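**Q** prediction below, plus the sequence it came from.
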Amino acid sequence: MNAPFRLTRRQFLIRSLSTGAGLTLALYLPGCGREAESGAAGPGQAGERVAPAAEFEPNAFVRILPDDRVEVVMKHLEMGQGTFTGLATLVAEELDADWSQIVPVPAPADPERYNNLQWGKLQGTGGSTAIANAYTQMRQAGATARHMLVQAAAAEWGVPAAEIQVSKGMLSHADSGRTARFGELAAAAADQPVPDEVLLKEPEEFSLIGTFLPRLDNAAKLDGSAAYTQDIQLSDMRVAVVAHPPRFGAKVKGFDAAAAKQVKGVTEVLEIPTGVAVLAADTWSAIKGREALQVQWDESGAFRMSSEEILADYRDKARGEAAVARSEGDAAGVLENASTRLTAAMHMPYLAHAAMEPLNCVMQLTDDGCEVWNGEQFQTVDQQNVAKVLGLKPEQVKINMLYAGGSFGRRANPHSDYLVETAHIVRAAQERGPVKLVWTREDDMLGGYYRPFYYHELEAGLDGEGMPLAWRHRIVGQSIMAGTVMEGGMVKDGVDATSVEGAANLPYAIPNLEVDLVTTELPVTVQWWRSVGSTHTAFAVETFIDRLARAAGRDPVDYRRGLLKDHPRHLGVLELAAEKAGWGRPLPEGRARGVAVHESFNSYVAEVAEVSVGDNGRINVERVVIAVDCGVAVNPDNIRAQMEGGMAFGLAAALMSEITLEDGLVVQSNFDGYEVLAIDRMPEVEVYIVPSTEPPTGVGEPATPVIAPAVANALSVLTGQDFDRLPLRLAV
Amino acid sequence: MIKLTVNGESHSLDVDPDMPLLWALRDVLGLTGTKYGCGIARCGACYVHMDGHSLPSCVTPVSAAEGKAITTIEGVDSDTAHAVRTAWAELNVVQCGYCQSGQIMSAIDLLGRNPDPDDADINDAMQGNLCRCNTYARIRQAIRQAAASLRAQGGEA
């Protein structure tokens, strides 16, 4: 999957490929007709179905090979979320290709052609945007290719284009009996003018969208042949392992490399800004070399707080000044006079992403810049940051996008931390050969860029019927966006949008409302983690609304129903999940249900958890029913997979995962300390998708934040306790 | 020199006898389907078969593999392996895929010992194989499906 290729920008071209059989032709199709030749318009150009091609920058997503393969160029990273399959579905649908002829090909880094359309001139994968931003673009690319194939067939067969049928990779003309495979017409289609506009299908015409399709990456991931960064082996490549400071804010004072250099296979020991790198012929020798390395750390500026001290500090800071994220009515005044007042204070720990593939990167200086091999999630930012270190222009940083063994946000680092580290090693190295940076699991888990630690305070006032009149929500924590290139766009008036998302956009109809934020600064590095702000806000909001319902003596589904009248999509998933879960029906002794509903990334998810507590005090989540509204369901099976897996990712954080600090040292360094979900804790899961014709929205993240509050709410029913922290702990 | 038999082929390796089998397979023999995940036998990404049974190659010194038959994801090929891969593909089990070599090696081992595992057997056998994409529900289903197809084949034979 990592076969390199280049596409010439702003050109529609025929490229010669030399194969064993001789000269063959390939067809590149830009998904847009900006350079379209005149008179090339497609049929039926009026009406809503015409996609305005001129909205898009020139790009190239489809390549039809003479052997009938249809290569679909992937601008987004496949890190498990099913993007390759999803993007290819869109192309294949409009192209009327056969699914078996589709081959995914990773795109080169290019912010002009392969940018994320929701992010401006920036290529990258995240925020559950892949299908959402590329839905029309990829369909248009497929439709453009189909149109040109049809025109080519019409010319060759001397029949009207309108009489040509296309189905499963075959063109046919009924009256003449002529047929042709895509590959047979590739060369002729390449001579056809690119249409200005193309006709896209109506949903009822879909034959692939909405159906079950096998993932395109199944085969390679079942026989060990799928290439991840960790698997790249280049000739003369050295493996680098870096000794990092044990505390945030510490740096290298000095080091003794003598013993490390005695280790067989070690080639170099280099000081770099982030520590001391040991380079060796293989991974094991590099690890052993680092074990032998003696480093003295300058800890004069080191961070030495514990998690308990951070919590105490955040409680103090919650008494101070806050920046307002949303304010309606007079929350403070109404709370003062409310007959019933409820308050809560909650905290959530730092969390590591802990993808199965620890961080790594391969880099090599070349005659015209540098070449990178990486599970690449943030092309444009990484090009800029790597170029800065190496004194190159961003476009001189050539990136080969490989599969990523998970990421959950970590591989899209605004500072390109591990790529920049690799660049420093490459720059410092004596020899020009390629270097593979390998972070061990310990490096990965101790290395920061965590979901931030947060502290929340909530307060609500109820009327005589128990309905909320006022709601106040204060959030205390570090900003993910501060100090990054996104700060200007994402931090307004002291409010980092990612700190308050899921809280500031509270859907419940409450007349007096205030949500504010105290942003803290600590040297512990932080980053987005699957579902970002919602990872903590959904827990705070959805457990607190349940407390209100209990205080009102109301059923939590019914209570929410009354407050969601203006939010039909929230309501839709809530009703669907409740119905499918058998809400209100009796459960076996010792079991209880809890519910939560939450929107993130414009997708709506409700989850009902059935929970029991074991004799050993263990929280058992027995069954989870999930309802999701993500617009058009492009790949229903993948939506289900992302709901199952995304929910369980959040369940680990609800039940067990936390990064804690003692005297500034991270306590958990591997899976023996940082617990994650294993198969024995995986509940039975049912997923229901709300039928929709709305544009599709993402599914990688939105299931994650909903489970912790659903489980906590079930536990409250079961035990009578309120839950103020994650991971959840039962009072003994 | 360490003499290894991997996927039926003999190799002589000039490596430290303490080098974990994982790194010998990956860095020396170029068999990169076996993955590094934790280095302490807590995640299962590195599972290979030694004389037919799965074990974590990240804590197995290469010297301990001498004289044994090592099978990796690249080489595992049997009716059981075929049934497991087929079920995995039919159910779209994989997501990122990084842990799946290990999952498949454990599942094949399980089905070799137990032709009709229930969920408790599956949980027990697969507990050492972490998946951060949390494909567990489908893994359970795929193992049951593979077991059923193998039993059906056995019935026909």
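**A** Looks like it arrived, so ask away.
**Q** if you drop the residues flanking it in sequence, what lies closest to whichever residue of chain A sits closest to chain B?
**A** Relative to chain B, the nearest point of chain A is residue A:224 (1.9 Å; Cβ to the nearest Cβ). To be clear about C-beta, it is placed using only N, CA and C from the backbone, and glycine gets the same treatment. Spatial nearest neighbour of residue A:224, chain neighbours left out: residue B:33 (1.9 Å); criterion: Cβ to Cβ, 6 or more residues apart in numbering or on different chains.
**Q** which residues touch that neighbour?
**A** Contacts for residue B:33 (Cβ atoms under 8 Å, 6 or more residues apart in numbering or on different chains) come out as A:223, A:224, A:225, B:72, B:73, B:74, B:101.
**Q** can you point out the buried residues in whichever strand or helix holds residue A:575?
**A** Per DSSP states H and E: residue A:575 is located in helix A:568-581. Neighbour counts using 16 or more other Cβ atoms under 10 Å in any protein chain shown place A:569, A:570, A:571, A:572, A:573, A:574, A:575, A:576, A:577, A:578, A:580, A:581 of helix A:568-581 among the buried residues.
**Q** need the per-residue pLDDT for the second one.
**A** Residue A:570 is assigned 98 on the pLDDT scale.
**Q** my understanding was that it contacts residue A:603; is that so?
**A** No: with contacts counted by Cβ atoms under 8 Å, residue A:570 stays clear of residue A:603, the gap being 11.1 Å.
**Q** contacts (any at all) between chain B and the lengthiest helix in chain A?
**A** Longest helix in chain A by number of residues (criterion: DSSP state H): helix A:130-157. No: applying Cβ under 8 Å from any Cβ of the partner chain, one finds helix A:130-157 separated from chain B by no less than 14.0 Å.
**Q** same question, stretch A:89-107
**A** No: on the criterion Cβ under 8 Å from any Cβ, stretch A:89-107 is out of touch with chain B, staying 13.0 Å away.
**Q** need the residues of the stretch 101-250 of chain A near chain B, please.
**A** Checking the stretch 101-250 of chain A against chain B by Cβ under 8 Å from any Cβ, the hits are A:214-215, A:217-228, A:230-231, A:233, A:239.
**Q** among the residues you listed, which are in strands?
**A** Per DSSP state E, strands hold the following members of those: residue A:239.
**Q** ok, which stretches of chain B are strands?
**A** So, for chain B - with DSSP E - the strands run B:2-6, B:9-13, B:47-50, B:53-56, B:69-71.
**Q** contacting residues around the last one?
**A** The set of residues that contact strand B:69-71 without belonging to it, under Cβ under 8 Å, 6+ apart, is B:4, B:5, B:6, B:7, B:8, B:21, B:25, B:48, B:49, B:50, B:51, B:52.
**Q** quick revisit: what is the most widely separated pair among the contacts of residue B:33?
**A** Farthest-apart pair in these is A:225 and B:72; separation 11.8 Å (Cβ to Cβ).
**Q** comparing the two, which residue is more hemmed in?
**A** Per other Cβ atoms under 10 Å in any protein chain shown, whichever of residue A:225 and residue B:72 has more neighbours is residue B:72, with 24 against 14.
**Q** tell me how far the one residue sitting closest to the centre of chain B lies from residue B:70.
**A** Taking Cα atoms, centre = their mean, the centroid of chain B lies closest to residue B:105, which sits 1.9 Å from it. Computed with Cβ to Cβ, to the nearest Å, the distance linking residue B:105 and residue B:70 is 11 Å.
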